Every structure is written in structure tokens, then in C-alpha cells.
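Q: Need coordinates for the following:
(4 chains)
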Number of protein chains: 4
Amino acid sequence: MHTFRERRWQTFLQNYQNRARLVISCPDKPGIVAAVTSFLYEQDANIVESSQYSTDPEGGTFFLRIEFDCPNIAERKQEIENGFTSIAQSFQMNWRLHLHNDIKRIAIFVSKEEHCLLELLWEWQAGELLADIALVISNHEHMRNSVESLGIPYYCIPVTKENKSEAEQKQLSLLKEYQVDTIVLARYMQILSPNFVAEFPSRIINIHHSFLPAFVGARPYERAYERGVKLIGATSHYVTDDLDEGPIIEQDVARVDHRHHPEDLKRIGRIIEKTVLSRALKWHLEDRVIIYGNKTIVFH
Amino acid sequence: MHTFRERRWQTFLQNYQNRARLVISCPDKPGIVAAVTSFLYEQDANIVESSQYSTDPEGGTFFLRIEFDCPNIAERKQEIENGFTSIAQSFQMNWRLHLHNDIKRIAIFVSKEEHCLLELLWEWQAGELLADIALVISNHEHMRNSVESLGIPYYCIPVTKENKSEAEQKQLSLLKEYQVDTIVLARYMQILSPNFVAEFPSRIINIHHSFLPAFVGARPYERAYERGVKLIGATSHYVTDDLDEGPIIEQDVARVDHRHHPEDLKRIGRIIEKTVLSRALKWHLEDRVIIYGNKTIVFH
Amino acid sequence: MHTFRERRWQTFLQNYQNRARLVISCPDKPGIVAAVTSFLYEQDANIVESSQYSTDPEGGTFFLRIEFDCPNIAERKQEIENGFTSIAQSFQMNWRLHLHNDIKRIAIFVSKEEHCLLELLWEWQAGELLADIALVISNHEHMRNSVESLGIPYYCIPVTKENKSEAEQKQLSLLKEYQVDTIVLARYMQILSPNFVAEFPSRIINIHHSFLPAFVGARPYERAYERGVKLIGATSHYVTDDLDEGPIIEQDVARVDHRHHPEDLKRIGRIIEKTVLSRALKWHLEDRVIIYGNKTIVFH
Amino acid sequence: MHTFRERRWQTFLQNYQNRARLVISCPDKPGIVAAVTSFLYEQDANIVESSQYSTDPEGGTFFLRIEFDCPNIAERKQEIENGFTSIAQSFQMNWRLHLHNDIKRIAIFVSKEEHCLLELLWEWQAGELLADIALVISNHEHMRNSVESLGIPYYCIPVTKENKSEAEQKQLSLLKEYQVDTIVLARYMQILSPNFVAEFPSRIINIHHSFLPAFVGARPYERAYERGVKLIGATSHYVTDDLDEGPIIEQDVARVDHRHHPEDLKRIGRIIEKTVLSRALKWHLEDRVIIYGNKTIVFH
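A: Coordinates of the predicted model:
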């Protein structure tokens, strides 16, 4: 007997067994799309979605994401990659080929606030979050039951000023053991060290509970209340060494008014936070997000 | 001395003198994108934007819109079109090539409600509506001054049950004389005859003052009030012979509540109507809208 | 040891032990507010929120909702109600006095689609849905575990054409047994008989998966897809004998485009549905919704 | 012969000749609403709208705005004010009584960016901005024709570092001459001196072209572009001596993405700016905005 999620994934994997995506960035010049699409045509691939962007047609950087169907793509991946190498070299491409069925493995980090974790778990159960949730790491115990009851490993690693470095070593060792690709900070209230961040470049996604760059740092809802703003927001971004300064993936806002106390802002904000994080994560999982400098190109 | 609009257009025309767009629909099968982009590459064209959609990768219809820069495109248009013909035939393409600098000529039809016309005139003056407003036709006199003061011809053609056919003949003859490409019904409260519509297939854009298919027909705001809806909307669509049933280009809504009387709904609705019409018209002018059956594909 | 919800409720009940609300409708005439607020003042009540609306200051209907704090309101409720009777009679008022701590008992009806039920259960666990979920009734078995694991009774009553009347009798008997005040149809795909509806006048809340009055009836997402709308929506309304025609409490929409298949519309729609239903239910539970004719006044 | 605006205003003035509003703030304690509404009842007033807010029922500040109809209010205003004085004193009220037909006189300040001015002029012509536009002051000449053609005086007062104080003296003298109540900075790109601001406390409304507190100061769209935000916004606030730090009246946002250059952000931003400024100004004109500390209470 299978869960709802398993049945849904089975259908998905079957439907998309021939689907792959090619993500490219390179200096812009004429002929890129022609070269790539001709190559794909020769491989019997049928393009089903294509997005492109150039920072500047003259001397800029060109970004391309193509989804295509190709018979037996799973077996032929290596062969196709080999064939593509010469094109890639001639255009100085930075590129990746992903099979749709190679589902990314993620770790979710969480502290006391549970709404973002619960949203991801719920979407995962519903078969709408196409990721393997390899494990959940928290500095608190209280979500253990909810997580383990779904068959997902839960590790509680308390973090203090004193043991921070040691705690991060434990985390990194777990991430390695579980072969994690992407880390989701689902309201994890600890700042990661530069060493940690360096281990997962452009692969740690955070949700900040404000409309960045407004209210960088701590207590954003209290400060939003004090400033008397009429909209509050949330921002999902990649983590870099500069707190709340990494490339923004997605943002959203909700309307508030003078009647709302900080507790109300938090309640309203929770809905924005979980929605924004979920959207950003899904785009990342489908390789729709490309980092360029300190910004993102999102092909959605 | 030039107006703000003229200076802005001059800049635009200069910036985009090499820009063109190719809009294609055809049966989906592998190799379309490769063939088209290879052809463009051979013409020294650099693709700057590309959008595509397939109703079904297997046996469906494929839609493609490509913007590209190509030196001397204005002089070479005919040559490029000739060169493209064999590709087009081999894929059974329905296709058009447009120069960015070939600005469409539009006629605006209006009755008593003036907000949609005024919005279009204002955006045109600001250089943001890239269309030649060839003329304005109304069944009332009262907007003559506002229109003529901008140097745009204004024709008042009253319409009654009795003279409707005759009035439409006058309108059609003006549209021919002014070489009009697209007609905008900016709250023109008359129903066009099938004969008239047949003269401008897929080139008449209407704004309906409701969130279609809710409140098809007359007095939508009064009916929205009676039904007690909590959102009102507007819909811009192509005109067909079936009243308010043509392909929808764009829709939007605004929140209302129990305090709003029909007059308030109309006031709030005016802002939605003019915004939605303006968006839909601009997409149409840039050939971003493709009609497929009774629906639209909008590449924005 | 207490759950998160229990601790949160305890705080709530303590904070609001002196809070009550008075909801009034009557023929509009001068002096109503003065009479009511003077009366409350004499009872040592302090008004903390007040909303009013008149359909027409001359000869219309007046609606008033006042929240106030009053020491020992729980013990004094009967006495205050007795005292208010003469004012109520002199203005021909229809009125109700509710203590904030008298939490309403609700029954949730559900079929196969689970997202609305799960949203309500999750908000209830989080302490944000202030209702006693007395029981869940479904015509299917599959949500039993999720519901019972929270300590909420679950009854599966299959409904067919043949047993419909009998099934409704069972349901009504359970609703009576569990002293249910309000019924929530959380995507319950059965039409209730007029007899059933008559037992809970203005106390059955439905979520319809379209932006009413567009797409009344079955298969709204499929029909939205066929019509090519650019926004889809959901509507929460009170149930009357006319299908999907009852007073609307809340609506919302989300943007879609040509790439979305009916399955995508359903997925996007699920988020709107659960959000809209949750908002509508909360307003109802706080007595913020007043039915007037076939419309609602919502004091939020 | 009258303009559209004049006819519309005539209707308005007639409809609301008996309408007034009373705006009160005072220390919160029981009995305020009862005292005020009883007083109004004794004056034969019928309350048609009432809004209230308390920062804290125990020891906080209470805000009340009541709209009422009262026969011959224009003649009786002084008498009613006199009568109300003793109530006001006993509750230590800060209060104002306004007739609906006492339309406020405003001055619009503008620099080179014209969209906000044009929006206000257009709404004024349409009869939807109920203000006397006493004059327009600019540091540039180029909007003179548009303004004077509507019969509104236009003064060009160039401002440089050297003549700033002198220029402000000229402005203040004009504002006095024209008996201006409220100043609207419709993208006026000069910073007003503390002396100037002190002359119009809480009566200068600015539109800032960012979602404050993000991007305080100059070049917000360029900085939004550099930060890679996914939403841009605008903020209307009262002017204080701290740049962009005054009480916020209204804010709104629009979605942008990686394809938008600073010029696009400005174009999209113009629509938000003019909409937000117009909403904020209208609420101010109807005395719906109350300043409390560095925040606003908006009763809309």
C-alpha cells in the first residue's frame, strides 16, 4: 500500500521519464540558440519549454533554460553531455543538464517557529513538493514527532555561542552522510558561519521575515510596527556571508493597518513567509533560478 | 520644436531600428526551433527574446515568438521573408514578420464614458502607447475638443436602430481611408454587426466592464451590486459575433464591500477598465497575443 | 501536559474573559447609537471596537456590531440582556449578545478533496481557528486517521441517490448530538436537501471553487480552462436552497495563463479555496457577518 | 455652461449639504462614545459612518471619527461647537468639526516628473478629487500650459542652493495669499527646510518612489535594480524634518523581474506612485487620517 505522495510521484516519474532540462550561461553572441537547438534536434529531442535572457545583446551575459523530451534520456545522458561539450566550449558556456526524475535531496533547518516547516511537509505529503526531504535539523526538540511520524529523520543539535563550531561540524557531517544537495532554512534562527556557507555555495535558501532590504536583521515585525508601514512582506534569498544580503529569489507582501499589533503582523506574516519560501524552493528545485552577481534570473 | 511624445518616439525608433519579431504557429514536431534559429543566425540576427508554447508536444499546435536584432532589417525584410518561405512551408507554418518600427495604426471608438479614451490618449502623449492613433470615432460629440486639440481627427457618427447599417458603412469607409489596422472599443456602447466584425477579424479589442464570464451583457455593475460580490473586474477581449464571448486577452479585479453602491462600483471599475484595456492593447500592438480557438496565448 | 493549541486558548480565554459583542439590526432612525452606547456605559462597559452600516439613512436598515469589555460579563450576561430588552423593543431591534469565550461548535463536512479540511485542522492546532471542531463527517473513509489522531470524532456516511434522505437523517442526528452551531462544507461534493438546509438557516458555509457568479455548478476549473480566463477564483457563501446562489461572504482570485491545464488550475485553486474558506469562517465565528437579503455585511 | 467637474460638484454639494464629520482623540476611558453620540442625537444628527480605535483600552489613546447628517448644519456649526465644548473638556478631547462642503484648498508642488500632477489634475477634472487646487508651484516652467489651461494659477520658482531660503519665502507668501490648507509634493524633488515644514505641520503630503523604509533617499529605482528586488513600491507620507521618515499614510507595490531595467522600474513605478498619492490625499481631504506619534490611523 502506497501513500498519496508515492502514488502521485509514480505518475510524475512515469510522465516525465524522458524529460530533461539544460541550463546555460555564457557571453552573449549570435548563434547560441541555433547551435543548442540544432544539437538537441539531432538528438531527437523535442523542446517543450524555453526561456532566455541577455543582460545586454552587445557584450552581455546570456542565460538559457530549455526543457525537452528525449527518448531514453536516462540512459543517454552521458552520451548527450559528451556530445554537447564541443558546443559548450566554443561558446564558453557554464552549463548543467538535469533529468526531471533526478529529484534533489534537501535538508530543512528549523528553530521554534514551525509554520514554514509544516507547509513544506504538507506540500511534500500532497506530492506537490518534488524533493527528497533527506532530514530535518533543528536546535530544538519540539518538532521531532511531526517529522519522524512521516518517516523523515530528525536531528536535534542545540547551538550555543560556545559550541557553534562543533554544532556546524555535526550538521555538515550529517549533510554529507545524507547526500544533501540543497539546504532550506525554514525560519532557522541561527547565523551560519562563512565556512559552512562555503560548503553549499548558492544552495542554501533562507526565508527572511521582512520585505528586504527593509528591516534587515532581527525583530523585523516589531520594527515594521514601530515604523507604521501599511504593507509587510517576506523575502526568500540565497544565503551568502552578508546577513540578509544574498540574491533575492522571491518576495511578497500583505496589507496591514493601524489596528495590527506586532502579534498580528507575525500571524499575517507567517502566511506570506511560508508561501514565499515554498515558491522560491520549487523554482530552485526545477533549476529555474540562475544567480548572476548578487541577483537572480528566475525563469518561471 | 517637438512634443515629449515625438522626442521619446525618436529615441525608440533609433534604438530599435534593427529590431524585428517573428510570430509563428504550426503543428508541433521536433526541429522547429532549431530550424528557425539556425535560419536567423544565418541572417546575422541576434535573438533577444524568445517565447514558445505547445498545446501538446505530441500532435498539438506550437507557437513561437522571437524578437531579434538584425542589421539593416528594414531594407532586408523582403529578402528575409523570401528566404524563410521554404522553412515555413516544410513545417506548415502560419507566420508573420514585423519590424519594431512599423507602428500599428489604431482607431478608438468611444461613447459617453471617457476614462478609457483619456487613458489611451494620456499614455500616447507620454510616449508609452506605441501606436498611431489614426482617428477617434464616437456616437457623441462631447470628446471632440480633447481629441482634436492633440491633432487627432474626431468623427461623430450617431447610431440609432434605424441608421445602424449606414453608420457602420461610414465607419468602415473612414477606417479604410485612414488605413486602420486595429480597432479599440474604449467603452463603445454599440454592438457591431457580424459584417463589420468580419472586416477586422481578430483586430477589434473590447473592454467589458465585468469579470467575464460573470455578468455578460448590460449593466454589469448593477448586477454585481445585486449579487453582493466582494470583487469586481474588467475583461479585455477580441470581438467576435458572440457578445462578450470572444478570446480573453486580460482581466483584473478590485476588492469591494457592502458599503459600495453601484456608483462606487463604477468609479472603482473605471480604474480597472482603463488599466486592463491599456495592457491588452499594448500586448496586441507588440504581437504578443496569439488567438487559438476561442482563447489567447499571451507572451508577456 | 498541554498542546500548543490548549496553551494558546488558555491565554485567549483569560485575556478576553470580560469581552463580549453585541450585534444589532433594525430600521434606521436617529438615536440608535446613542441609546446603545449609553446603555453600555451604564453597565460599566468599555467599547473597544464598533462598526456600523446603514443601507439608507432614510428608511433603510441599520446594522451595528460593538465589541466591549465589561467586568464579570459571564455572570452578568442574563442581567444585561434583560436590561437591554426595552431599548431593543423601542427600536424594533434584531439582536444578539455573545461572549468572546463562548466558542462556537462546528462540524466539518468533507468528500475526497482534503486541502480545505487540512487547512482548518492546521489552523485549529495552531490555535488560530477559535472553534470547537465537534466532529468531521465525510462520505469517504480516507481522512479518518488524520482527524481521529487529533482527538476529533470522524463519521463516514456514504451518500448515494438512494440513501440520501436517510444519510441526511444520520447527519442531522449527529449534529444534534454534538450540539453543532455551524456547518462548514469543506469541499463536500453533495448537494444538501432543502429540509437539511432549513435546520441550519444561515449557519452552513460552503466554499465554491469558482469566482461566482461565473461557473455556477459543476466542473468550474474545466470550464474556466475552456473559456480561457486569465484569473481563477473561489467563493465562500452561505448555503441556501439555490445552488451556489447564497449570500457571498468572501472571494479571491489568482492569476493564471495559457500554460495552465485544468490540473494546474485545480492546484492553484486549492490555495485560494482554503484561504477564502478560512477567512470567511473566522469572520462568521466572530459574528462579523450579517446576512441582509441575499447579501452579507462583513465588519472586518 | 458648466464643466463636467462643476456639474458633479454641484450635485455633491447638494447631496451633502447637511453632512459633517467630527474627529476626536483623547485619553481612553469608558463613556466617550455614549457622550458623543448622545450629544449628536440631541442635535437631531443621524450618524451615517463611525470609526474608532484605541491604542489600549486601559490608559491608551482613543480615536473617533463620526460622519453625521444634521439639518442646517452650515448655519448651526458654531452653535454645535459651543455645545460640544463641555463634553470635549471633560474628556480632554482634541477635536475638529468639519462640514463636508468646506472643501480644502491645496497647493501642488512639482518638479520635472509630471505623472503625479497629471493624475491629480485629471481626477480633479473628473470631479473625483474634492479639493480646490488653489495653485501649482514648480521649479520648472514646462507644466505651465497644462495647468493654466485649466484655469489654475501656475508659479515657477527656480530653486538653487543659493536662493533656497528666498525661494521658500516666495512660496510661503503665495501659500498665504491663496489660503492654502494642504500642500501636496507631487514628485517635488527639493527638500523643504524645517522652517517651511513648521508652517504646515501635518499638512504636507509627499510621495516617495520606494517602499519605505527600503531605499530612503535618492535614486530608489536604481538601488532597487541593483539589489534585485522582486517588488517595487511607493509610499505616501506626511513630511517631517527627517527625510522620508514622516508618518506613512499609504503604500503599494508592483511585481517586477530580472528583465526590468531601471527605466522599466520607473515606468512601472509611476503608476504606483500616482495611485498611492491619490489615495492618501483623498483620505487626508476627508479627515480620515489621524497622526499619532510617527504613525497614522487611517479610517477608510
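Q: Which strand or helix spans the spatially closest residue to residue A:279 that is not a sequence neighbour?
A: Spatial nearest neighbour of residue A:279, chain neighbours left out: residue A:250 (5.1 Å); criterion: CB to CB, 6 or more residues apart in numbering or on different chains. C-beta coordinates here come from the backbone N, C-alpha and C atoms, glycine included. Of the helices and strands defined by DSSP states H and E, residue A:250 is found in strand A:248-255.
Q: and that strand, what other elements does it pack with?
A: strand A:231-238, helix A:262-285, strand A:295-298, strand D:231-238 (3 or more CB pairs under 8 Å, 6 or more residues apart in numbering or on different chains; DSSP states H and E).
Q: doesn't residue A:281 make contact with the residue nearest to residue A:279?
A: No - at 9.3 Å, residue A:250 does not count as touching residue A:281 under the criterion of CB atoms under 8 Å.
Q: Determine the residues that are contacts of both of these two.
A: residue A:236 (CB atoms under 8 Å, 6 or more residues apart in numbering or on different chains).
Q: picking that back up, name the residues linked to the residue nearest to residue A:279 by a beta bridge.
A: Residue A:250 forms beta bridges with residue A:236, as assigned by DSSP bridges.
Q: residues contacting it?
A: Counting by CB under 8 Å, 6+ apart, residue A:250 makes contact with A:235, A:236, A:276, A:279, A:280, A:283, A:298, D:230.
Q: for those residues, which one is nearest chain C?
A: Looking at these and their distance to chain C, the nearest is residue A:279, at 10.8 Å (CB to the nearest CB).
Q: Tell me the secondary structure at residue A:173.
A: Assigned state for residue A:173: helix (three-state reduction, DSSP: H, G, I helix; E, B strand; the rest coil).
Q: Need the phi and psi values for the nearest residue to residue A:9 once chain neighbours are set aside.
A: Spatial nearest neighbour of residue A:9, excluding adjacent residues (CB to CB, 6+ apart): residue A:127 at 6.0 Å. Residue A:127 has phi and psi values of phi 80, psi 10 when expressed as degrees, to the nearest 10.
Q: Up against chain D, what does chain A have?
A: Contact residues (CB under 8 Å from any CB of the partner chain) of chain A with chain D: A:53, A:211-215, A:227-231, A:233, A:247-253, A:257-259, A:292, A:294-298.
Q: picking that back up, as a markdown table, the contacts of residue A:250 with pLDDT, distance to residue C:92 and neighbour count would be great.
A: Converted to a markdown table, those look like this (pLDDT from 0 to 100; distance: CB to CB, whole Å; neighbours: other CB atoms under 10 Å in any protein chain shown):
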| residue | pLDDT | distance to residue C:92 | neighbour count |
| --- | --- | --- | --- |
| A:235 | 98 | 54 | 32 |
| A:236 | 98 | 55 | 29 |
| A:276 | 97 | 50 | 24 |
| A:279 | 96 | 52 | 17 |
| A:280 | 98 | 56 | 28 |
| A:283 | 98 | 59 | 19 |
| A:298 | 98 | 60 | 20 |
| D:230 | 98 | 55 | 26 |
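Q: which among the residues you listed gets closest to chain B?
A: Lowest distance from chain B to the contacts of residue A:250 (CB to the nearest CB) belongs to residue A:298, with 15.3 Å.
Q: for that closest one, which residues make a bridge with it?
A: Here residue A:298 sits in beta bridges with residue A:289, as judged by DSSP bridges.
Q: Is it correct that it is in contact with residue D:257?
A: Yes - proximity of residue A:298 to residue D:257 meets the contact threshold set by CB under 8 Å, at 6.6 Å.
Q: Overlap in contacts, those two.
A: Residues touching both residue A:298 and residue D:257 comprise residue D:230, with contact defined as CB under 8 Å, 6+ apart.
Q: could you point out which element follows the lowest-mean-pLDDT helix or strand in chain A?
A: Each helix and strand of chain A was given a mean pLDDT (mean pLDDT, DSSP states H and E); the minimum falls on helix A:4-15 at a mean of 85. Downstream of helix A:4-15, the first helix or strand assigned by DSSP H and E is strand A:19-27.
Q: Is the helix or strand just after that next one positioned near chain B?
A: Elements were assigned by DSSP H and E; along the chain past strand A:19-27, the next helix or strand is helix A:32-42. Yes - in this structure, helix A:32-42 sits against chain B according to CB under 8 Å from any CB; the contacting residues are A:32, A:33, A:34, A:35, A:37, A:38, A:40, A:41.
Q: what do you get for stretch A:91-101?
A: No - for stretch A:91-101, no contact with chain B is found by CB under 8 Å from any CB; the gap never falls below 12.3 Å.
Q: Could you work out the end-to-end span of that stretch for me?
A: Its start and end residues considered, stretch A:91-101 measures 28 Å (CA to CA, to the nearest Å).
Q: Give the buried residues for that stretch.
A: Judged by neighbour count using 16 or more other CB atoms under 10 Å in any protein chain shown, the buried positions of stretch A:91-101 are A:91, A:93, A:95, A:97, A:98, A:99, A:100, A:101.
Q: Which parts of chain A belong to which domain?
A: Following automatic domain parsing, chain A resolves into domains at A:17-99, A:105-298.
Q: Residues of chain A that sit close to chain C?
A: Close to chain C, as judged by CB under 8 Å from any CB, chain A has residues A:115, A:118, A:122, A:126, A:128, A:267.
Q: Go again with 10 Å.
A: Near chain C, the residues belonging to chain A are A:4, A:49, A:114-115, A:118-119, A:122, A:125-126, A:128, A:142, A:149, A:259, A:267, A:270-271, A:275, A:278 when assessed by CB under 10 Å from any CB of the partner chain.
Q: Report the buried members of these.
A: Applying 16+ other CB under 10 Å to these, the neighbour count classes A:49, A:114, A:115, A:118, A:119, A:122, A:125, A:126, A:270, A:271, A:275, A:278 as buried.
Q: Turn the residues you listed into JSON lines, including pLDDT.
A: JSON lines is the format used below for those (pLDDT from 0 to 100):
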{"residue": "A:49", "pLDDT": "90"}
{"residue": "A:114", "pLDDT": "89"}
{"residue": "A:115", "pLDDT": "91"}
{"residue": "A:118", "pLDDT": "89"}
{"residue": "A:119", "pLDDT": "89"}
{"residue": "A:122", "pLDDT": "85"}
{"residue": "A:125", "pLDDT": "87"}
{"residue": "A:126", "pLDDT": "81"}
{"residue": "A:270", "pLDDT": "92"}
{"residue": "A:271", "pLDDT": "89"}
{"residue": "A:275", "pLDDT": "93"}
{"residue": "A:278", "pLDDT": "96"}
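Q: from those residues, which is closest to residue A:180?
A: Taking CB to CB as the measure, residue A:278 is the one of these closest to residue A:180, at 18.6 Å.
Q: right, and residue A:289 touches residue D:228 too?
A: No - in this structure residue A:289 lies outside contact range of residue D:228 using CB atoms under 10 Å: 11.6 Å.
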